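Colleague: Got a sequence here, can you build the structure:
(one chain, ligands or ions: 2)
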Amino acid sequence: MLYRVIDATEIPQLVQAFMDSYEVVAPVQSDQGYVFSPIESPDDVVLNYVTTISSPKKYILPSEEDLLRFNAQTNEVTDYEEHITPRVLFGVHACDINALNRLDLVFKDCERPDPYYVARRRSTLVVGVSCVPGPNCFCRVWGSDEARFGYDLFLSKIGDSYLVSISSVEAANILEASCHPRLATDDERFAFRQAARHRQESFNHDIPKIQDVALLMDAFHDDPFWEELGSKCLSCTACSAVCPSCFCFDLVDELDPDGVGGSRRRVWDSCTSPQFAQVTGGYNFRATPCDRVRHRMYHKLNGFLATHDRMLCVGCGRCVMACKADINPIKVLKFFEEKGADRDE
Ligand code: SF4
Ligand code: SF4
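Modeller: Numbering: from 1, shown residues only. Ligands and ions are numbered 1, 2, ... in the order given. Just a heads-up that it's a prediction; the model follows:
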């Protein structure tokens with residue numbers, strides 16, 4: 001990994017250089033909070049945000065997309081030609097980069113890669129930025145508080161400068177052409193260390209750092225806790241909508257008004273939706289809110305770990321804010337703490 005330092009005043013030049021060749025999506029201020037949105041000017045970018053309402057996931061895995069076209073009379077099928085926009089996701093936090101890395105395991109680095117996802121991921125540059133955690137952030141519990149890969153540049157704030165980790169030639173060339181990257185001085189290396197320590201100390205230490213969560217999930221599978229938690233669920237699916245790592249989808253065939261042509265669409269779905277596990281004949285494998293909430297937590301904190309060797313939840317805290325019924329992974333961690341599970345401090 002190559003490291004260089006740039007002045008914070010050079011960030012607008014860097015953004016503008018990306019804008020010259022790509023659509024740039026970055027955190028901007030909206031009425032409700034911060035959101036990832038295409039920008040029109042480098043001045044739109046806010047890098048000192050705590051979190052955005054939803055993640056930048058939709059720019060790689062859109063909430064709705066056509067997969068193929070069909071003719072219902074002739075049964076002809078035509079592959080949909082995706083028009084990919086070369087894009088830069090600018091100002092992405094480590095948790096969201098780690099979430100994209102998890103989506104890669106599902107859609108890209110797998111036995112049958114998804115061509116739509118792969119095409120978008122390959123034409124997207126990711127520029128990460130360091131953050132100071134908010135009260136609902138618990139990425140450190142899962143080790144998602146640092147991004148070790150999955151980005152092209154990563155900007156770590158050190159005073160009036162940024163230490164830039166460089167991991168792609170494409171982004172390095174743009175950095176070189178638009179800024180004056182220089183070697184870090186010893187003082188800047190020390191400042192980086194201090195900033196990392198300050199960040200660690202800023203996490204909400206009331207959120208329990210429990211060891212072996214997956215094992216505990218199995219041990220407490222039938223505890224009344226799940227009924228209590230599930231009974232509050234409104235089935236609104238807001239948790240999945242804001243989550244950077246949820247990837248469940250439905251396939252829907254939509255006929256054109258002429259009743260002849262049509263398209264097969266992929267649309268986001270959610271395991272907390274009452275119909276999610278309903279099959280032909282009407283049987284529902286997860287008929288109760290308890291079943292659904294427990295399933296969601298198990299997939300996040302147990303099942304994905306078993307198959308992909310890492311938690312699906314990256315601890316971004318968005319569902320903590322989005323869920324009106326106060327159902328989230330922190331609740332699960334606190335439940336284990338009440339049960340006397342060891343703290344790892
Ligand atoms: S489950 Fe909640 S905290 Fe975990 S990644 Fe999804 S939105 Fe973030
Ligand atoms: S867990 Fe919360 S956000 Fe998710 S569906 Fe239930 S009420 Fe909605």
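Colleague: helix, strand or coil for L163?
Modeller: Following DSSP: H, G, I helix; E, B strand; the rest coil, we place L163 in the strand state.
Colleague: so how far is R87 from it?
Modeller: Plainly put, L163 is 25 Å away from R87 if you go by Cβ to Cβ, to the nearest Å. (Glycine included, C-beta is placed from N, CA and C.)
Colleague: Just list the residues touching the residue of the stretch 151-300 of the chain found nearest ligand 1, thanks.
Modeller: Residue of the stretch 151-300 of the chain nearest ligand 1, by Cβ to the nearest ligand atom: C243 (3.3 Å). C243 sits next to 55, 316, 318-319 when contact means Cβ atoms under 8 Å, 6 or more residues apart in numbering.
Colleague: Now intersect those residues with the strands, please.
Modeller: If you go by DSSP state E, those have nothing in strands.
Colleague: hmm, which two among those are most spread apart?
Modeller: S55 and C319 (11.0 Å; Cβ to Cβ).
Colleague: Compare these two (neighbour count), which wins?
Modeller: Neighbours per residue, other Cβ atoms under 10 Å: of S55 and C319, the larger number sits with S55, 26 against 22.
Colleague: ok, the more buried one touching R318?
Modeller: Yes. If you go by Cβ atoms under 8 Å, S55 and R318 touch, sitting 7.0 Å apart.
Colleague: Give me the below-cutoff pLDDT ranges for the stretch 201-345 of the chain.
Modeller: 341-345 (pLDDT under 70).
Colleague: List, one by one, the residues from it near ligand 2.
Modeller: Contact residues, the stretch 201-345 of the chain versus ligand 2 (Cβ under 6 Å from any ligand atom): 233-239, 272, 293, 322-323, 325, 327.
Colleague: Could I get the full set of strands for the stretch 151-300 of the chain?
Modeller: Assigned by DSSP state E, counting those that start in this stretch, the strands in the stretch 151-300 of the chain fall at 153-158, 161-166, 249-255, 261-268.
Colleague: export the first one as CSV, just CAs?
Modeller: If I follow you right, that is strand 153-158. Once non-C-alpha atoms are left out, strand 153-158 reads as follows in CSV (Å, rounded to 0.1, in the frame of the first residue of the first chain):
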residue,chain,number,x,y,z
LEU,A,153,-8.2,5.9,-2.2
PHE,A,154,-8.8,6.2,1.5
LEU,A,155,-8.5,9.7,3.1
SER,A,156,-7.6,9.7,6.8
LYS,A,157,-7.9,13.2,8.4
ILE,A,158,-4.8,14.3,10.4
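Colleague: returning to what we had before: quick one: which of the strands of the stretch 151-300 of the chain is nearest D206?
Modeller: strand 153-158 (25.4 Å).
Colleague: Run me through the strand neighbours of the closest one, direction for each.
Modeller: strand 124-129 (parallel), strand 161-166 (antiparallel) (DSSP bridges).
Colleague: Please produce TSV containing those strands, extended by mean pLDDT.
Modeller: As requested, the strands paired with strand 153-158 are exported to TSV (pLDDT from 0 to 100):
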stretch	mean pLDDT
strand 124-129	98
strand 161-166	97
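Colleague: Tell me which of those is the most buried.
Modeller: Of those, the one with the most neighbours on average (mean count of other Cβ atoms under 10 Å) is strand 124-129, at a mean of 23.
Colleague: phi, psi of the residue of the stretch 51-200 of the chain found nearest ligand 2?
Modeller: In the stretch 51-200 of the chain, no residue comes nearer to ligand 2 than S54, which is 12.7 Å away by Cβ to the nearest ligand atom. For S54, the backbone dihedrals are phi -130, psi 170 (criterion: degrees, to the nearest 10).
Colleague: thought it was touching A241?
Modeller: Yes. Using Cβ under 8 Å, S54 is in contact with A241, at 6.7 Å.
Colleague: and this structure, which residues reach ligand 1?
Modeller: 242-245, 300, 313-319, 328-329.
Colleague: Select from those every entry located in helices.
Modeller: Residues of the residues of the chain next to ligand 1 located in helices (DSSP state H): 242, 318-319, 329.
Colleague: Can you report how many residues lie near the nearest residue to T9 once chain neighbours are set aside?
Modeller: Leaving out its chain neighbours, the residue that sits closest to T9 by Cβ to Cβ, 6 or more residues apart in numbering is D160, at 7.8 Å. By other Cβ under 10 Å, 8 other residues sit near D160.
Colleague: give the contact list for D160.
Modeller: 7-9.
Colleague: And for L175?
Modeller: Applying Cβ under 8 Å, 6+ apart, we find L175 in contact with 4, 6, 14, 153, 164, 166, 181.
Colleague: Can you say which of those are buried?
Modeller: 4, 6, 14, 153, 164, 166, 181 (16 or more other Cβ atoms under 10 Å).
Colleague: before we move on, back to that, out of the ones in helices among the residues of the chain next to ligand 1, who's the most crowded?
Modeller: Taking other Cβ under 10 Å as the neighbour criterion, R318 ranks highest of those with 25 neighbours.
Colleague: so where do the helices sit in the protein?
Modeller: When assigned using DSSP H, the helices of the chain occupy the ranges 11-19, 94-107, 115-122, 139-142, 169-178, 186-201, 213-219, 225-230, 238-242, 289-298, 304-308, 318-322, 329-338.
Colleague: To V28, which of these lies closest?
Modeller: Closest to V28 of those, according to Cβ to Cβ: helix 11-19, at 11.8 Å.
Colleague: Which neighbouring elements make contact with that closest one?
Modeller: The criterion is 3 or more Cβ pairs under 8 Å, 6 or more residues apart in numbering; DSSP states H and E, and the helices and strands that helix 11-19 contacts are strand 23-29, strand 87-92, helix 169-178.
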